[in-house]
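Visitor: Have a look; sequence and predicted model below, questions after that.
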Amino acid sequence: MKTEASKTLFNRAQTLIPGGVNSPVRACKSVGTTPLFITRAQGCYIHDVDGNQFIDYVGSWGPMILGHCHPAIVEALTHALSRGASYGAPTELEIELAQLIVDAVTSVDMVRMVNSGTEAAMSAIRLARAATGRDIIVKFDGCYHGHADALLVDAGSGVATLAIPGSPGVPNAAVNCTVSVPYNNVEVFERIMDEKADQIAAVIVEPVAGNMGLVAPKDGFLKALRDSCDKTGSVLIFDEVMTGFRVAYGGAQTLYGIKPDLTCFGKIIGGGLPVGAYGGGKDLMSMVAPQGPVYQAGTLSGNPLAMAAGISTLKELKKTGFYEGLEVSSNRLFSGLSNAAEQAGVPVTGARVGSMMGLYFTDSPVFNYSDAKKSDLKRFNYYYRKMLEQGIYLAPSQFEASFVSSAHDDHAIDKTIEAAKNVFGSLQI
Ligand code: HOZ
């Protein structure tokens, strides 16, 4: 596989951009390679500067559920751009996208657009703290809610301690009100909720964890969070930046039947353009400025291009049979990969929720971040590199999810399964 042109660009990028990239995971450091520089994408395929073509399972980390350059999105964006890129003033497009989200997600009566998942999560946290007059936030190890200081934490030693800064530059003061506990561990979670009950402003969770690979909630886990928050008067925040409109049109909360108090959105609602949003009941959302006192702002929030791309995307997702079709193709891929590993005698533990999935190289179950970190990362890195050589573009980290789009046809899925058979067959058992 030729990579000279990408390497040349990467060398130049590193003189101008920290790490040569504008977001760390795409630097491919964890898999021991260097990034490919992409020139264009169409359907389920992306193309790099060296002329290589890949079947894309990153999908811009989730937004591209329709595949790349879907005609309806291209048309909507072209039309919007012809009328101007940004006004910094309200538009009917914002009302239309807000209505689509409110109609889709029963727990959401009002929604505020922002520009990233990070902004959505940090704003939801601020709103929860304002609404409760409390400070402590409970999150879960391995769940990622963007890089706001209060949420950029590593789990402390032990199973339920005050978090420690997850990066230099994050002061202890920013995280001394954040507690991180193991995902899927109801006992530890309920203990911390009981211990700090009237101090806990919010519990924030990825209802399906997609930032530690793919870890599904155990039966009863999400309900335990709901019940505890009802008991303590804490705000339950579902971070559906990744799962919103991905695992179901109404998101994971619809799939699992649990209603959070606030929901964070992103990715798919922008159709590939920078967007985030947070929403919930009028009691909470009416506290957000300028209607209420909780300040949050953004120059490009509600940007007409992002709104147009989001509206056209959600209109496609609303069409009858969309998720049913995605379920068939996602199941075919996941079953094919799992069977390929089994036939090759390669221990793999996988999880799939709708069209997002993940594989760990271990024969043990993976219920949380600690389990995920025990999987064989060397084998993952080998799998990643060998799949790339065969034209399959996966996320360059064990701790990311893979995404199937409606553009992934039988040919692409069959090619992917064939490539996996070759790789599993070549793994030294
Ligand atoms: N937030 C992305 C993972 N869920 C990472 C994107 C990147 O660093 O390139």
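Guide: Here it is on my side, so go on.

Visitor: Get me the contact residues on this protein for the ligand.
Guide: Taking Cβ under 6 Å from any ligand atom as the criterion, the chain approaches the ligand at residues 23-26, 61, 211, 400. Quick note: C-beta positions are derived from backbone N, CA and C, even for glycine.

Visitor: from those, which would you call buried?
Guide: Using 16 or more other Cβ atoms under 10 Å as the burial test, the residues of the chain next to the ligand include 25-26, 61, 211, 400 as buried.

Visitor: Am I right that Tyr382 sits in a helix?
Guide: Yes: per DSSP: H, G, I helix; E, B strand; the rest coil, Tyr382 lies within a helix segment.

Visitor: okay, now it: neighbour count?
Guide: 18 (other Cβ atoms under 10 Å).

Visitor: so who does it touch?
Guide: The contact partners of Tyr382, taken as Cβ atoms under 8 Å, 6 or more residues apart in numbering, are 423, 427.

Visitor: got a pLDDT number for Ser157?
Guide: At Ser157, the pLDDT value in this model is 46.

Visitor: Ala201 looks like it's in a helix, true?
Guide: No: looking at Ala201 with three-state DSSP, it is strand, so not inside a helix.

Visitor: ok so, going back, pipe the buried ones among the residues of the chain next to the ligand into CSV and attach secondary structure and pLDDT per row.
Guide: Formatted as CSV, these follow (DSSP: H, G, I helix; E, B strand; the rest coil; pLDDT from 0 to 100):
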residue, secondary structure, pLDDT
Val25, helix, 94
Arg26, helix, 95
Trp61, helix, 97
Asn211, coil, 95
Glu400, coil, 95
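
Visitor: Can you name the residue of the stretch 301-429 of the chain nearest the ligand?
Guide: Glu400 (5.6 Å; Cβ to the nearest ligand atom).

Visitor: Could you double-check that that residue lies in contact with Gly59?
Guide: No: distance between Glu400 and Gly59: 11.2 Å, which falls outside the contact criterion (Cβ atoms under 8 Å).

Visitor: about what we covered before: contacting residues for the residue of the stretch 301-429 of the chain closest to the ligand?
Guide: 25, 58, 61, 210-211, 213, 358.

Visitor: ok, 10 Å please
Guide: Applying Cβ atoms under 10 Å, 6 or more residues apart in numbering to Glu400 gives the contacts 25, 30, 57-58, 61-62, 144, 210-214, 242, 358, 394.

Visitor: Repeat that for Gly251.
Guide: Contacts of Gly251 by Cβ under 10 Å, 6+ apart are 101, 104-105, 107-108, 207-208, 238, 240, 242-245, 260, 263, 265, 268.

Visitor: Which ones among those lie within helices?
Guide: Of those, the ones assigned to helices by DSSP state H are 101, 104.

Visitor: Throw together a ChimeraX command that grabs the buried residues out of the contacts of Gly251.
Guide: This is how ChimeraX selects the buried members of those, with burial counted by 16+ other Cβ under 10 Å:
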select :101,104,105,107,108,207,208,238,240,242,243,244,245,260,263,265,268
